[in-house]
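Chemist: Any chance you can model this:
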Amino acid sequence: MDFLRKGIAIGVLLLIIGLFVQPFCLWTASSSHSEQLKLSQWDVLWEASPLKWEDVAHTKEGWREVDLARGIPSKPERIHSAWFRIALPATPWDESGLYIDKLYAFDVEVYTEDGRKVFESSRDYTYDIYHILAPLAANPAGQDIFIHASTSSDKFGIHSEITIGNYRDLIPLYVNKGLLDIILGSALVFAAVVMLSCTLFLRNIDVPSWLSLSLVILSSGVLMITYSRFTYTFFSEYGKVFVILFDLGLMILFPALSYYFEIITGPGPSAIITKLRKFQVGYSAFILLVAVANLISDNAIYSVYFFLTVTVLAFIIVIQLIVLLSVSVLYVLRKNKDVVLFAVGFTIFAMTSIAEVIWFLIRYAQYELSLWKWGTLCFVLALILILGRRVALNHERVIQYSKELEMYNGKLQHSEKMEILSELAASVAHEVRNPLQVTRGFLQLLDSKAAMKEKEYLKLALTELDRASAIITDFLTFAKPELEDITVLNVGEELSHIEGILIPLANMQGGVITLDVPPNLCINGNSSKFKQAFINLIKNSIEALTDKGWIRVWGYEQEGKVTIHIQDNGAGMDEQELSRLGEPYFSNKTKGTGLGLMVTLRIIEVMQGEIKFTSKKGVGTEVVVRFPSVYEKAM
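Modeler: I've put the predicted structure just below:
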């Protein structure tokens, strides 16, 4: 569990670092913005047949002017390559650079006016966005730059302003492009790997939800990394691997998201989420087969694959996000904190993603998605908060269960002790009582014939035998406290009888008993056992009194329970003495055996009652006894 917390904490830390790094990178990249030139006009020559640079440099016809303010011209049909001519003004820098933020093509070559090739790249995979920085020689009179590009896609050409500036100042702009995506994606991948690793070590977790959440976070991180231009700019040799990982991330993310959503909220109205998830799994499997066929055929069916993975999948994603967003709004009304957090994060993710995907479709895939990663980040943070909250709740539950287990173990040990004592008491009492009765009979015969001096000894012996008999009676009551003649007892009347019995004893101790019990409190039980139990309790209070002591007895009915309080201002007990109450042979009295309180506790237990002691040394003791009322039983 600590490993999980540390892993998630490191992942969140990386996300925070990324959020702080990006503004710094942007500030660094734009520090020399005022010293850069922006070009939004150039010429294009559509290439019907292959042309060499020497031919293009001297060609005056066929060039078409391009102005970003008027829009980007569409690529003619059956044309797959073109030349772009950029007229540069005078460059005052010793080390000039040309920076193009976005150029759609698969193969790109950049030539200077004197025929020197300053950039070349060729891709045999489907990522067609180029991010170019080319060094230029200083030219006070200006010069023309020629770019040759080819593609097999409908997306083609320069789609951004061209920046001219000092080469060293353009490097941060070139390097930082997409760097934040790498940082954020790596943080998500790290957090997901930690979670997946923890699956091998954690027990008693909800494995389906845990794995689906891990896959959502992992695939989101993979998409961020493999969609970043930084990845294809500096690691272009692994481009095929990145493209495959991107497609796999898409195939995993949205089915896993639907499954995790299904776990959190249920199948939804008419099981729409379950149906959507099954459809997505089937469609992802179908796309995987098409991807394999496209790889084997060396991109021969790329147009079909592009249509299925871009256009069709974009529509499916929009429908999925709308469905999940609608269902989350319904479930958030239940005010479940997990669902509220999930809904807030998912709403941000869904709204940004839906808006971007719709705009992507309107622009016919000629738009580079950028806002979705922020929505994904908010959603993942919400999922991490939900996970953290559940981990904290599980930790609290473990502590609570440990406390309850300790309490139950204590009760079990006490119950086992009582069971052993019961069996022992029953066997010993039966074996000892008969010899005692015989001994007492013979002592009585001797008493009638004995001299005066001997009668004193015999009387003392009879008294001790009676005391031993009383102890054995307590043993038998404890061992077999079964109630006979169970009737409805009026608690007020029973306690009034007990008060009448014990008032003389209280007066002898200098104490006063007050009784305040309503006449309508009734319980089921045996009258003699009830009296025996409460005589023992009140008698203990009397014997604990000092000068001018008092004992208050009151009762009431609450929530189907008859509650009786016995409170005194006697000597009281400390916590150690309280913890030992009810143990055999533990007593605060000089000649006490502790059996009387054991018998009392057993009688109350058999009558389905509960008893609780509170006491403070030198202040007094309070006993609270609760029994089910007869009205509760009748219900």
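
Chemist: Can you list the low-confidence ranges for the stretch 151-300 of the chain?
Modeler: 202-206 (pLDDT under 70).

Chemist: What segments of it are helices?
Modeler: 167-176, 179-198, 207-227, 229-234, 239-265, 272-296 (DSSP state H, counting those that start in this stretch).

Chemist: now the first one and helix 179-198, what's the angle there?
Modeler: Our comparison of helix 167-176 with helix 179-198, counting by axes from the mean of the first three to the mean of the last three CA atoms, to 10 degrees, yields an angle of 30 degrees.

Chemist: about what we covered before: what about the helices of the stretch 151-300 of the chain, which gets the closest to residue 577?
Modeler: helix 179-198 (47.8 Å; CB to CB). For the C-beta atoms, the positions are set from N, CA and C on the backbone; glycine is no exception.

Chemist: longest strand of this structure?
Modeler: In the chain, assigned by DSSP state E, the strand with the most residues is strand 91-104.

Chemist: what's the following helix or strand after that strand?
Modeler: strand 107-111 (DSSP states H and E).

Chemist: So which bits of that following strand are buried?
Modeler: 107-111 (16 or more other CB atoms under 10 Å).

Chemist: The helix or strand just after it packs against which elements?
Modeler: Note on strand 107-111: by DSSP H and E, the next helix or strand toward the C-terminus is strand 117-122. In terms of contacts (3 or more CB pairs under 8 Å, 6 or more residues apart in numbering; DSSP states H and E), strand 117-122 is packed against strand 107-111, strand 129-139.

Chemist: switch the cut-off to 10 Å
Modeler: On a contact count with 3 or more CB pairs under 10 Å, 6 or more residues apart in numbering; DSSP states H and E, strand 117-122 meets strand 91-104, strand 107-111, strand 129-139, strand 143-150.

Chemist: Compute the number of surrounding residues for the nearest residue to residue 57 once chain neighbours are set aside.
Modeler: Distances taken as CB to CB, 6 or more residues apart in numbering put residue 146 closest to residue 57, at 6.7 Å, once the chain neighbours are dropped. Using other CB atoms under 10 Å, residue 146 has 20 neighbouring residues.

Chemist: same thing with the one 4 residues further on?
Modeler: Around residue 150 sit 17 other residues, with neighbours defined as other CB under 10 Å.

Chemist: Which residues does it form beta bridges with?
Modeler: residue 81, residue 107 (DSSP bridges).

Chemist: Would you agree it is in contact with residue 121?
Modeler: No - at 11.5 Å, residue 150 does not count as touching residue 121 under the criterion of CB atoms under 10 Å.

Chemist: Now the common contact residues for the two.
Modeler: Contact criterion CB atoms under 10 Å, 6 or more residues apart in numbering; residues shared by residue 150 and residue 121: 105-109.

Chemist: Let me have these in CSV, extended by distance to residue 57 and pLDDT.
Modeler: What follows is the shared contacts of residue 150 and residue 121, written out as CSV (distance: CB to CB, whole Å; pLDDT from 0 to 100):
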residue, distance to residue 57, pLDDT
105, 20, 91
106, 23, 90
107, 19, 92
108, 17, 94
109, 13, 93
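
Chemist: Specify which member of these is nearest to residue 290.
Modeler: Residue 290 lies nearest to residue 106 out of those, by CB to CB, at 19.8 Å.

Chemist: tell me the contacts of the closest one?
Modeler: Counted by CB under 10 Å, 6+ apart, residue 106 has contacts 80-81, 121-128, 130, 149-153, 156, 299.

Chemist: Among those, filter down to the buried ones and hand me the ChimeraX syntax, if you would.
Modeler: Selection of the buried residues among the contacts of residue 106 in ChimeraX, burial being defined by 16+ other CB under 10 Å:
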select :80,81,123,125,126,127,128,130,149,150,151,152,153,156
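
Chemist: The residue nearest to residue 57 reaches residue 108, doesn't it?
Modeler: No - here residue 146 lies out of contact with residue 108, judged by CB under 10 Å, at a distance of 11.5 Å.

Chemist: which neighbours do these two share?
Modeler: By CB under 10 Å, 6+ apart, the residues touching both residue 146 and residue 108 are residue 84.

Chemist: Mind putting the helices of the stretch 151-300 of the chain into JSON lines with distance to residue 41 and mean neighbour count?
Modeler: What follows is those, written out as JSON lines (distance: least, CB to CB, whole Å; neighbours: other CB atoms under 10 Å):
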{"stretch": "helix 167-176", "distance to residue 41": "20", "mean neighbour count": "19"}
{"stretch": "helix 179-198", "distance to residue 41": "30", "mean neighbour count": "21"}
{"stretch": "helix 207-227", "distance to residue 41": "30", "mean neighbour count": "22"}
{"stretch": "helix 229-234", "distance to residue 41": "24", "mean neighbour count": "19"}
{"stretch": "helix 239-265", "distance to residue 41": "31", "mean neighbour count": "20"}
{"stretch": "helix 272-296", "distance to residue 41": "37", "mean neighbour count": "16"}
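
Chemist: Could you dump those into JSON lines and include distance to residue 311?
Modeler: As requested, the helices of the stretch 151-300 of the chain are exported to JSON lines (distance: least, CB to CB, whole Å):
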{"stretch": "helix 167-176", "distance to residue 311": "31"}
{"stretch": "helix 179-198", "distance to residue 311": "24"}
{"stretch": "helix 207-227", "distance to residue 311": "17"}
{"stretch": "helix 229-234", "distance to residue 311": "22"}
{"stretch": "helix 239-265", "distance to residue 311": "13"}
{"stretch": "helix 272-296", "distance to residue 311": "12"}
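
Chemist: looking at those, which is closest to residue 492?
Modeler: Using CB to CB, the nearest of those to residue 492 is helix 239-265, at 55.4 Å.

Chemist: Report the angle between the closest one and helix 179-198.
Modeler: Using the same axes, to 10 degrees, helix 239-265 lies at 60 degrees relative to helix 179-198.

Chemist: Which other helices and strands does helix 239-265 contact?
Modeler: Judged by 3+ CB pairs under 10 Å, 6+ apart, the packing partners of helix 239-265 are helix 207-227, helix 229-234, helix 272-296, helix 313-332, helix 337-362, helix 372-449.

Chemist: Most tightly packed of the ones you listed?
Modeler: helix 207-227 (a mean of 22; mean count of other CB atoms under 10 Å).

Chemist: low-scoring stretches of the stretch 301-450 of the chain, by residue?
Modeler: Checking the stretch 301-450 of the chain against pLDDT under 70 turns up 331-343, 345-346, 353, 356-357, 359-373, 383-384, 386-391, 414-431, 433-434, 442.

Chemist: Please name the residues that touch the residue nearest to residue 57.
Modeler: Residues in contact with residue 146, defined by CB under 10 Å, 6+ apart, are 43, 45, 53, 56-57, 83-86, 109-113, 115, 117.

Chemist: now do residue 224
Modeler: 178, 180-189, 231, 246, 249, 372-373, 376-377.

Chemist: Run through the bridge partners of residue 120.
Modeler: Using DSSP bridges, the beta-bridge partners of residue 120 come out as residue 109.

Chemist: any idea how far it is from residue 286?
Modeler: Going from residue 120 to residue 286 by CB to CB, to the nearest Å gives 37 Å.

Chemist: mind checking how far the residue nearest to residue 57 is from residue 240?
Modeler: Residue 146 is 29 Å from residue 240, by CB to CB.

Chemist: How about residue 448?
Modeler: From residue 448 over to residue 240 the distance is 119 Å, taken as CB to CB.
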